[in-house]
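>>> can't give you the sequence, but here's the structure:
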């Protein structure tokens, strides 16, 4: 990855910034997660039969799902051609298609048939469904007509309907809802038509209000990020002049210029049946939270170079599960697009791509932009497999494979004005599973409480309020924590008076969840961004000096002792000076070393292993913290 990241960061020659990636349970997924009807054929063929092999040997997908109409070259989705044949490896009548064998762990369950089970068998099936839902943190996928070894046998129409009826009874027993994602025909040693079904089962866990995924929105200025979010969350198409984005802006100059300069949050909900819940049928965020069983929280970040440090802070402190890179179809890869792509890769944030404004372009222009993206994604060091989404089946498969394999990069050509392919993005977000499984989540919740302070407010009649993400543990209303470090390196006691998630009150906050916490009469002047609120039993350690193993991604000349950079570690952002480069006098682009940094202002709370990203002008690098040199008064509470 490093050569490509270095190229992406160094190619623009502009003053650019870097950040670090944080977040509970990142970078690991269940081996069985994300297997769909086409997952088994991913290694043997291309998506939905439209794949081709590039010179680099990686699968690519053409834009055959789009067609041009009218003199303006407006794009519409190609019509669906009925039920498709299930794809697998090349086969004859005696060489049937396979999925990967069923895994004991994960949220994927194979069932050949569920026709008239006995009462004992039914109770066993219900228990099994509870286990799969727990593994998927409230979501499970059932493959009906598939044997445990992955053989796609298929069922007759009567058997399939009876099996789906039984599955619906099972879901009702556990308080869940089912959504049929897709049905497909399969040929296997019989003249009778047989079909397989893929079903999503969703149930909000008893101890949660809703499932929550955070998606950071990246892309060059004027690529249509805020407009796309406005269309998704407001439920109304844009007028072509930016009307949809007005509700997202926080400042007057943003409305006047049409450019985002701060971090804003927007929510898109899905109910248990997979239907969209947004402001088109709900007047407030509280109503959306009450109706939704799954919530997508979009983190709208700035695209202009001027606000790059704000974009980096959003990526590093808010710990997004995924990133959505928005690329304008008419301009292609331009401005900060490469840099934002490099940020996502350096921080190991899984990302998918939206090609916006296709209503302004011809088919040839869109193909050129997609090919541009494919070339960048396939470069050595990146090794991504682009997957163009043009049908609902593609969207379902892309969501499952995307969560399973970090090498898959879905691409959605769409328009917020005409609405072309907008539904495909909604299908993708509805099916997209969380990256962490129940076991990883449980391990995080068993740790001591650690809450990162990202925002600070003063609310009338409420007092001081802080916003951020709970990195580990469980935080309850009324809990007593300590916050710091202050400029003197101390931690101060406080009490959590109340909590809200998406403007909806809650009593318990769990690891990985973002929320705002009311602190009552606690003096706001004592707080700053970059602090943490932790359990007193943690005895937090702070430091001004720390060591990090780094890779210098780009530097115009040589990187040597005494150089000052802005360091990003989680929600910490502070200038530091290079004290020592171990074993070397200087570093050049692409070289690695262990470097000792010293913060120039005050001590910070860091952890060994935390990812680090630094920048200064065109100088940038990434790494991780390897050693702390604690401050002498690190435990003054």
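Perfect, thanks for sending it. For clarity, every value in this text was computed on a predicted model and none was experimentally measured.
>>> CA atoms for contacts and neighbours, from now on please.
Noted.
>>> these two touch, right, residue 138 and residue 178?
No. Counting by C-alpha atoms under 8 Å, no contact exists between residue 138 and residue 178, whose distance comes to 11.9 Å.
>>> what sits in contact with each of those two?
Shared contacts of residue 138 and residue 178, defined by C-alpha atoms under 8 Å, 6 or more residues apart in numbering, are found at residue 202.
>>> need the helix or strand of the protein with the lowest average pLDDT.
strand 74-77 (a mean of 34; mean pLDDT, DSSP states H and E).
>>> Following element in sequence after it, please.
Next in sequence after strand 74-77, counting helices and strands by DSSP states H and E, comes strand 108-111.
>>> Parallel or antiparallel, which strands does the helix or strand where residue 451 lies pair with?
Per DSSP H and E, residue 451 falls inside strand 450-459. Strand 450-459 has the following strand partners under DSSP bridges: strand 463-472 (antiparallel), strand 532-534 (antiparallel).
>>> Now render those as JSON lines, adding mean pLDDT and mean neighbour count.
As requested, the strands paired with strand 450-459 are exported to JSON lines (pLDDT from 0 to 100; neighbours: other C-alpha atoms under 10 Å):
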{"stretch": "strand 463-472", "mean pLDDT": "94", "mean neighbour count": "23"}
{"stretch": "strand 532-534", "mean pLDDT": "96", "mean neighbour count": "26"}
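>>> Rebuild those strands as TSV, extending it with distance to residue 402.
Formatted as TSV, those follow (distance: least, C-alpha to C-alpha, whole Å):
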stretch	distance to residue 402
strand 463-472	24
strand 532-534	32
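>>> who touches the closest residue to residue 139 other than its chain neighbours in this structure?
Nearest residue to residue 139 in three dimensions, chain neighbours excluded: residue 202, at 4.6 Å (C-alpha to C-alpha, 6 or more residues apart in numbering). Residue 202 makes contact with 133, 138, 139, 140, 176, 177, 178, 272, 273 under the criterion C-alpha under 8 Å, 6+ apart.
>>> ranking those residues by neighbours, who comes first?
Using other C-alpha atoms under 10 Å as the neighbour criterion, residue 139 leads the contacts of residue 202 with 29 neighbours.
>>> Give me the buried stretch members for stretch 587-597, please.
587, 588, 589, 590, 592, 593, 594, 595, 596, 597 (16 or more other C-alpha atoms under 10 Å).
>>> Ignore what I typed, I meant stretch 571-586.
571, 572, 573, 574, 575, 576, 577, 578, 579, 580, 581.
>>> So, low pLDDT: which residues of the stretch 201-350 of the chain?
Along the stretch 201-350 of the chain, segments meeting pLDDT under 70 span 205-209, 241-261, 283.
>>> now the strands for it?
Secondary structure of the stretch 201-350 of the chain by DSSP state E, counting those that start in this stretch: the strands cover 211-219, 264-270, 276-277, 294-300, 322-328.
>>> about what we covered before: give me the subset of the contacts of residue 202 lying in strands.
139, 140, 177, 178 (DSSP state E).
>>> Confirm that residue 159 sits in a helix.
Yes. Under DSSP: H, G, I helix; E, B strand; the rest coil, residue 159 sits within a helix.
>>> burial count for it?
19.
>>> Ignoring the adjacent residues along the chain, who's closest to it?
residue 115 (6.6 Å).
>>> Could you check how many residues crowd around that neighbour?
A count of nearby residues for residue 115, using other C-alpha under 10 Å, gives 16.
>>> Spatially central residue for the chain, please.
With distances taken as C-alpha atoms, centre = their mean, residue 322 lies nearest the centre of the chain, 1.4 Å away.
>>> circling back to that earlier point, could I get the ones in strands among the contacts of residue 202 as JSON lines with pLDDT and distance to residue 469?
Shown next, in JSON lines, are the ones in strands among the contacts of residue 202 (pLDDT from 0 to 100; distance: C-alpha to C-alpha, whole Å):
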{"residue": "139", "pLDDT": "90", "distance to residue 469": "23"}
{"residue": "140", "pLDDT": "93", "distance to residue 469": "26"}
{"residue": "177", "pLDDT": "90", "distance to residue 469": "29"}
{"residue": "178", "pLDDT": "92", "distance to residue 469": "31"}
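>>> just those now: which is nearest residue 470?
Relative to residue 470, the closest of the ones in strands among the contacts of residue 202 is residue 139; by C-alpha to C-alpha it sits at 22.3 Å.
>>> Correct me if wrong: the closest one contacts residue 201.
Yes. Counting by C-alpha under 8 Å, residue 201 is a contact partner of residue 139 at 5.7 Å.
>>> what sits in contact with each of the two?
Common contact partners of residue 139 and residue 201 (C-alpha under 8 Å, 6+ apart): residue 133.
>>> Disregarding flanking residues, what is the spatial nearest neighbour of residue 560?
Closest residue in space to residue 560, ignoring its immediate chain neighbours: residue 586 at 4.5 Å, by C-alpha to C-alpha, 6+ apart.
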